[in-house]
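Visitor: Here is my input; please provide its structure:
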Amino acid sequence: MQDDIRNIHFIAIGGSIMHDLAITLHKKGMKISGSDDQIFEPSKSRLDQYNLLPEQTGWFPEKITKELDAVILGMHAKEDNPELLKAQEIGLKIYSFPEFIYEQSKNKQRVVIAGSHGKTTITAIILHVLKYFNREFDYLIGARLEGFEDMVKLTQNAPLIVIEGDEYFTSPLDHTPKFLKYHHHIGLINGLAWDHANVYSDFNSYTKQFDSFADATPKAGTLAYFEDDDLVDIIGKKERTDVQSIPYHEHPHKKVNEKTVLITKDQDVSVNLFGKHNMQNISAAKTILLEIGLTEEMFYQAIGSFKGASRRLEIIDSSHNFTILRDYAHAPSKVEATTMAVKHQFPKRKLLAFLELHTYSSLSRDFISQYDGTLDSADLPIIYFDPEAVALKKFKPLTLKEIKEAFGREDILLFTEKDALEAFILKQDVSEKSLLFMSSGNFGGLDISGIGKKIVAQ
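Guide: Numbers count the residues shown, from 1 in each chain. Below you'll find the predicted structure:
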């Protein structure tokens, strides 16, 4: 780990990983500063807690001086960012956060979890099991996880780092996928479905990134892959010199009284996760853990206490005669899998599926048709988008007719105001119903965690 970098400025410090990395380095005694033109919760409160919240939003090139050892550039910044231009002008070392993570973990065994979906949950399970057995490890994960204070951990002595590997661009200056910057020893690909249409114009250009990831596996390295995904199977089976390829499948399981039970050779194990995609995630995590020295017995001992990562098929309220769930699902394959999983787990309950169109892809007329059929498992599909989010992406708002045609559902309801959406929810008879909220955003600030209490209080 480099010890000569002590004074670091973050350009776009408000990002979900960027702010956590800033806090982690601050805790290690480094001098940290940062800027951003917009900082949302929870980044804002967490930065403020550590006195790292910029006094003003905006970009201030005067913050960039030769006293800095380096700057870390977030994806939110643009190529013409005034702070970036100043750093380039005076010759400062400029890192993207993936490059910085690699520089800080060169002497560790690096495990990178990739795929269009499931990578957060897989990473979270691995971290949970390692912590359960008091193993020493570093990590980078894109969600809050019970028992872990931060989303990033970098230490001097941990021999291993487990990284959630994103296929999105590394930085405004580098359009290489992030996961290629970590230089994995052990890599995993969990499944492929077109995403990030703003940077990968078609499915073919998107899948090529994962082929490159697999090809980057070094000699004596390991590539694990989900064999039941046809494209992943092709990538995984490709011959690579001195690379160990390990296929895995969905974990055998059964449902007992709305509870999922893993079927093992010794005894059944009850788990808090559900849905076919989570059985796939469990098998993926187990494959990696066996590869880094744990046993099957250890895995099954620990997995039962795993409660899930934040916003990943998370049950918010089940104390009454309804269930409220929240999931990060936003891409078509994720929306479909999550909706199907909830309906299958609670088949006797009417499913109200709320989906926020928040990402560039989901709001694009060129991509929206990919959602055809993804909400078919819902008894009532409800779409929400924030007109401000549409304006920021310089799109013309989708019409209700376009959305109905794209999803293939004539009964879709559309909301563009958070208050109107909340009023609709509170008017519903939610007895024996599941309310599933899916978004990479926050439904305009809707208090999903508190909506159950409001329903009961009426």
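Visitor: hey, let's count contacts and neighbours off CA atoms from now on
Guide: OK.
Visitor: Now do the strands in the stretch 251-400 of the chain.
Guide: 253-256, 259-262, 269-271, 314-317, 323-327, 350-356, 380-384 (DSSP state E, counting those that start in this stretch).
Visitor: Relative to the fourth one, what are the paired strands and their orientations?
Guide: For strand 314-317, the paired strands and their directions (DSSP bridges) read strand 323-327 (antiparallel).
Visitor: The strand it pairs with relative to strand 350-356, how many degrees between them?
Guide: Relative orientation of strand 323-327 versus strand 350-356 (axes from the mean of the first three to the mean of the last three Cα atoms, to 10 degrees): 30 degrees.
Visitor: can you list contacts of strand 323-327?
Guide: Strand 323-327 is contacted by residues 311-318, 338, 432-439, 448, 452 when judged by Cα atoms under 8 Å, 6 or more residues apart in numbering.
Visitor: what do you get for stretch 64-80?
Guide: Contact with stretch 64-80 is made by 4-13, 15, 18, 83-84, 86-87, 90, 92-97, 100, 169-173, as judged by Cα under 8 Å, 6+ apart.
Visitor: What's the end-to-end length of it?
Guide: 15 Å (Cα to Cα, to the nearest Å).
Visitor: same thing with stretch 257-267?
Guide: Using Cα to Cα, the distance between the terminal residues of stretch 257-267 is 18 Å.
Visitor: Go through the contacts of stretch 64-80 and flag which are in helices.
Guide: Applying DSSP state H to these, the entries found in helices are Met18, Glu83, Leu84, Lys86, Ala87, Ile90, Phe97, Phe100.
Visitor: Show me where the chain dips below the pLDDT cut-off.
Guide: 1-3, 196-199 (pLDDT under 70).
Visitor: can you map out the helices along it?
Guide: With DSSP H as the criterion, the chain has helices spanning 16-27, 43-49, 82-90, 97-103, 119-132, 203-215, 230-237, 276-291, 296-303, 332-345, 387-392, 400-407, 418-427, 448-457.
Visitor: Out of these, which is the most enclosed?
Guide: helix 119-132 (a mean of 24; mean count of other Cα atoms under 10 Å).
Visitor: helices or strands next to that one in the packing?
Guide: strand 109-114, strand 160-164, helix 276-291, helix 296-303 (3 or more Cα pairs under 8 Å, 6 or more residues apart in numbering; DSSP states H and E).
Visitor: so which of those comes closest to Lys265?
Guide: With Cα to Cα as the measure, helix 296-303 is the member of the helices and strands packed on helix 119-132 nearest Lys265 (10.2 Å).
Visitor: Which elements pack onto the closest one?
Guide: Counting by 3+ Cα pairs under 8 Å, 6+ apart, helix 296-303 packs on helix 119-132, helix 276-291.
Visitor: If we use 7 Å, what do you get?
Guide: helix 119-132 (3 or more Cα pairs under 7 Å, 6 or more residues apart in numbering; DSSP states H and E).
Visitor: orientation of the helix it packs on relative to strand 109-114 in degrees?
Guide: 150 degrees.
Visitor: Could you chop the protein up by domain?
Guide: Per automatic domain parsing, the structural domains of the chain span 7-96, 105-303, 314-457.
Visitor: now stretch 272-289, how far from the chain's geometric center?
Guide: 15 Å (Cα atoms, centre = their mean, to the nearest Å).
Visitor: now swap in stretch 153-173 and tell me
Guide: On Cα atoms, centre = their mean, the centre of stretch 153-173 falls 13 Å from that of its chain.
Visitor: Now it: buried residues?
Guide: 153-155, 158, 160-172 (16 or more other Cα atoms under 10 Å).
Visitor: Equivalent analysis for stretch 260-271, please.
Guide: Quick answer for stretch 260-271 (16+ other Cα under 10 Å): Thr260, Val261, Leu262, Ser270, Val271.
Visitor: Please apply the same query to stretch 355-373.
Guide: Neighbour-count burial for stretch 355-373, counted by 16+ other Cα under 10 Å, picks out 355-365, 367-372.
Visitor: what does stretch 133-141 give?
Guide: Phe137, Asp138, Tyr139, Leu140, Ile141.
Visitor: What residues are bridge-paired with the residue nearest to the second one when sequence neighbours are not counted?
Guide: Taking Cα to Cα, 6 or more residues apart in numbering, and ignoring the residues beside it in sequence, Asp138 has Ile161 as its nearest neighbour in space, at 4.4 Å. Partner residues in beta bridges with Ile161: Arg110, Asp138, with DSSP bridges as the criterion.
Visitor: Let the chain start at 6 from now.
Guide: Renumbered: residue one is now 6, and that last one reads Ile166.
Visitor: I'd say Ile166 and Asn112 touch.
Guide: No - Ile166 is not in contact with Asn112 according to Cα atoms under 7 Å; the separation is 9.9 Å.
Visitor: what touches both of those two?
Guide: Residues touching both Ile166 and Asn112 (Cα atoms under 7 Å, 6 or more residues apart in numbering): none.
Visitor: The spatially closest residue to Asn86 that is not a sequence neighbour and Gln285: what is the separation?
Guide: Leaving aside its sequence neighbours, Asn86 sits nearest to Trp64 (Cα to Cα, 6+ apart; 7.6 Å). Relative to Gln285, Trp64 is positioned 43 Å away (Cα to Cα).
Visitor: that older thread, so what's the residue nearest to Asn86 up against?
Guide: By Cα under 7 Å, 6+ apart, the neighbours of Trp64 are Ser40, Asp41, Asp42, Pro87, Glu88.
Visitor: nearest to His122, of those residues?
Guide: Asp41 (28.6 Å).
Visitor: The closest one reaches Ala17, doesn't it?
Guide: Yes - the pair Asp41 / Ala17 is scored as a contact, 4.5 Å apart, by Cα under 7 Å.
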